[in-house]
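Asks: 3D, please:
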Amino acid sequence: MATLNFRHLTPLVSYISPPQKSLLGSSYFRTPSVRRINRIYTSIMASAADKKVLVPVANGTEPLEAVVTIDVLRRAGADVTVASVEKQLCVDACHGVKIVADALISDCTDTVFDLVSLPGGMPGAATFKDCKTLESIVKKQAVDGRPYAAICAAPAVALGSWGLLKGLKATCYPSFMNELSSAASAVEYRVQQDGKVLTSRGPGTALEYAVALIELLYGKEKAEEISGPLVMRSNHGAEYTFKELNPVKWEFDGSPKILVPIANGTEEMEAVIIIDVLRRAKAEVVVASVEGTLEILASRKVKLVADVLLDEAINSSYDLIVLPGGLGGAQAFANSEKLVNLLKKQRESNKPYGAMCASPALVLEPHGLLKGKKATAFPAMCNKLSDPSEAENRVVVDGNLVTSRGPGTTMEFALVIAEKFFDRSKALEVAKTMLFVQH
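Replies: Residues are numbered from 1 along each chain as shown. As a prediction, this is how the structure comes out:
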């Protein structure tokens, strides 16, 4: 019995020429049988359009690069499998971030992927290099002519060592460029595509890299559709700017202690970028779950593990409490009496607090925490702010309050926090190390 290849199926209507359509009459195309066939075709094509993507993770993976890639690709509708190359699902990524994978890499050997994307980070990239199962999957990807990609250390350490960049232009993190140059034609672009192979430089280029992966898989129109709501900046590599009103010095003893709550439905990209950047700046970051468990399921189904439950966290005082966004997460924050009380106490004590994306509108505003303050939020939610007069700014600081707009402004948001606690030179040092700002 012959197998029907649905990828080449065309709607019944398209087989009929315009003159035939005229003769048959348009009512023909409204008959139940034809409508049903076209509905089936649409459903089949939608299913066929789902792209399967593999994102491996390991102990020592750069969490920002992994999570941004997963988050953005899932926004585009890709079926992303996060696979641990360790013996367990939970991996200890860099900067103390714990990610729970969907599967072990051994579970993925029989799946055909439309794309394999390797995040960087050390020793994560070296673990990838030594994983024979992952090497076999990516080499088969290359032999079959399907896309594969890597960022930061992974292009040089993994793809290069496997001989998968031979004769191709590629880029990577600056300190691995010498290693890359022996395996590829090394270039210093933020994102480099050569045929079906895509490489990028580091954490600060991860969002650009992820959007380029969408274009590789789905085309430019889809990439533009997804990148708009991310609120990405257009001047990649430039120094960040922000709007500051009523400046005050943010005080702390030793190193700033910062509370980052997370919940089911939290925007994982925002949470991880805030944690990653502030820990790089040597702040003491406490990640607290407002749920009953340490593990939370974020908005794009990334599983993150908090350091403590909120019940334990509220026994300490903080130099800053900062809320990531995500619709479900923001609603969970707003419904948490303990967290709201902690925020009110923070404001009454004239200590810094902040929020971004949905959280300024859904958490701070309803609880009177924006009273007399200028703020911004996710563009579609700015109408909920009592004073949206400064809402067009990507980051707004008003005294002890800091707010920001969305996933694509999170790096700037976190760097502004670093600048307020330390100084601009410290924040720029972190930004340059991450390659968010060009040297």
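Asks: Now the residue nearest the centre of the chain. Nearest residue, chain neighbours left out?
Replies: For the chain, the residue nearest the mean C-alpha position is residue 68 (2.2 Å; Cα atoms, centre = their mean). Using Cβ to Cβ, 6 or more residues apart in numbering and skipping residues adjacent in sequence, the residue nearest residue 68 is residue 206, 4.2 Å away. Bear in mind the C-beta positions are built from the backbone N, C-alpha and C, glycine included.
Asks: same check, this time on residue 388
Replies: residue 382 (4.7 Å).
Asks: I figured the one you found was touching residue 358, is that so?
Replies: No: counting by Cβ atoms under 8 Å, residue 382 stays clear of residue 358, with 11.0 Å between them.
Asks: which of these two has more neighbours?
Replies: Taking neighbours as other Cβ atoms under 10 Å, residue 382 and residue 358 compare with residue 358 leading, 30 against 17.
Asks: Any buried residues in stretch 90-110, and which?
Replies: Neighbour counts over stretch 90-110 (16 or more other Cβ atoms under 10 Å) mark 90-95, 97-102, 105, 108 as buried.
Asks: contacts for the helix or strand where the residue nearest to residue 68 lies?
Replies: If you go by DSSP states H and E, residue 206 is part of helix 206-218. With contact meaning Cβ atoms under 8 Å, 6 or more residues apart in numbering, helix 206-218 is reached by 51, 53, 64-65, 68-69, 71-73, 76, 78, 114-115, 117, 147, 149, 151, 190-191, 193, 196, 198, 200, 222-223, 226-227, 230, 232, 236, 407-408, 411.
Asks: switch to 7 Å and redo it
Replies: 51, 64-65, 68-69, 72-73, 76, 78, 114-115, 117, 147, 149, 151, 190-191, 193, 198, 200, 222-223, 226-227, 230, 232, 236, 408 (Cβ atoms under 7 Å, 6 or more residues apart in numbering).
Asks: From residue 221, how far out is residue 410?
Replies: Separation of residue 410 from residue 221 (Cβ to Cβ, to the nearest Å): 25 Å.
Asks: Looking at those two, which one has more neighbours?
Replies: More crowded of residue 410 and residue 221, by other Cβ under 10 Å: residue 410, with 30 against 9.
Asks: Can you tell me the element the more buried one falls in?
Replies: Using DSSP H and E, residue 410 falls in helix 410-421.
Asks: try residue 402
Replies: strand 401-404.
Asks: re the thing from before, can you tell me which of the contacts of helix 206-218 end up in strands?
Replies: Judged by DSSP state E, strands contain the following of these: 115, 117, 149, 151, 191, 193, 198, 200.
Asks: from those, which two are the most distant?
Replies: 115 and 191 (14.7 Å; Cβ to Cβ).
Asks: re earlier: which among the ones in strands among the contacts of helix 206-218 end up buried?
Replies: Here, 16+ other Cβ under 10 Å leaves 115, 117, 149, 151, 191, 193, 198, 200 buried among those.
Asks: Turn those into a markdown table, including distance to residue 365.
Replies: Shown next, in a markdown table, are those (distance: Cβ to Cβ, whole Å):
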| residue | distance to residue 365 |
| --- | --- |
| 115 | 40 |
| 117 | 37 |
| 149 | 40 |
| 151 | 37 |
| 191 | 37 |
| 193 | 42 |
| 198 | 40 |
| 200 | 37 |
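Asks: mind giving me CSV with these and columns for distance to residue 301 and pLDDT?
Replies: As requested, those are arranged in CSV below (distance: Cβ to Cβ, whole Å; pLDDT from 0 to 100):
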residue, distance to residue 301, pLDDT
115, 18, 98
117, 17, 98
149, 21, 98
151, 21, 98
191, 25, 98
193, 27, 98
198, 23, 98
200, 23, 98
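Asks: and of those, the nearest to residue 299?
Replies: For those, the nearest to residue 299 is residue 117 (19.7 Å; Cβ to Cβ).
Asks: doesn't residue 52 make contact with that closest one?
Replies: No: using Cβ atoms under 7 Å, residue 117 makes no contact with residue 52, being 11.8 Å away.
Asks: Residue 133 - nearest residue in space that isn't next to it in sequence?
Replies: residue 105 (5.0 Å).
Asks: gap between the one you found and residue 130?
Replies: Taking Cβ to Cβ, one finds residue 105 at 12 Å from residue 130.
Asks: Same question for residue 407.
Replies: Taken as Cβ to Cβ, the span from residue 407 to residue 130 is 33 Å.
Asks: With residue 287 instead?
Replies: 30 Å.
Asks: quick one: which of those two has more around it?
Replies: Higher neighbour count among residue 287 and residue 130: residue 287, with 25 against 14, using other Cβ under 10 Å.
Asks: OK, contacts around residue 357?
Replies: Counting by Cβ under 7 Å, 6+ apart, residue 357 touches 267, 270, 324-326, 377-378, 405-406.
Asks: After the helix or strand containing residue 99, heading C-terminal, what element do we hit next?
Replies: Under the criterion of DSSP H and E, residue 99 resides in strand 98-100. With elements assigned by DSSP H and E, the helix or strand that comes after strand 98-100 is strand 103-104.
Asks: for the residue nearest to residue 133, what are its contacts?
Replies: Contacts of residue 105 (Cβ under 7 Å, 6+ apart): 56, 83-85, 131, 133-134.
Asks: Out of the residues you listed, list just those in strands.
Replies: 56, 83-84.
Asks: top of these by neighbour count?
Replies: residue 56 (30 neighbours).
Asks: My guess is that one contacts residue 81. True?
Replies: No: checked against Cβ under 7 Å, the pair residue 56 and residue 81 is beyond contact range at 9.1 Å.
Asks: Please report the distance of residue 69 from residue 209.
Replies: Taken as Cβ to Cβ, the span from residue 69 to residue 209 is 7 Å.
Asks: likewise residue 243?
Replies: 28 Å.
Asks: So which of these two has more stuff around it?
Replies: A count of neighbours by other Cβ under 10 Å puts residue 209 above the other of residue 243 and residue 209, at 27 against 15.
Asks: For that one, which non-adjacent residue is spatially closest?
Replies: That would be residue 200: by Cβ to Cβ, 6+ apart, it lies 3.7 Å from residue 209.
Asks: same question, residue 142
Replies: Here the residue nearest residue 142, using Cβ to Cβ, 6+ apart, is residue 164, at 5.3 Å.
Asks: surely that neighbour meets residue 137?
Replies: No: using Cβ under 7 Å as the test, residue 164 is too far from residue 137 to be in contact (11.5 Å).
Asks: follow-up on the earlier one: wait, doesn't the residue nearest to the centre of the chain sit right on residue 268?
Replies: No: counting by Cβ under 7 Å, residue 68 does not reach residue 268; the two are 8.9 Å apart.
Asks: Tell me where the stretch 51-200 of the chain has helices.
Replies: Taking DSSP state H, counting those that start in this stretch as the criterion, the stretch 51-200 of the chain carries its helices at 63-75, 124-130, 132-143, 154, 177-181.
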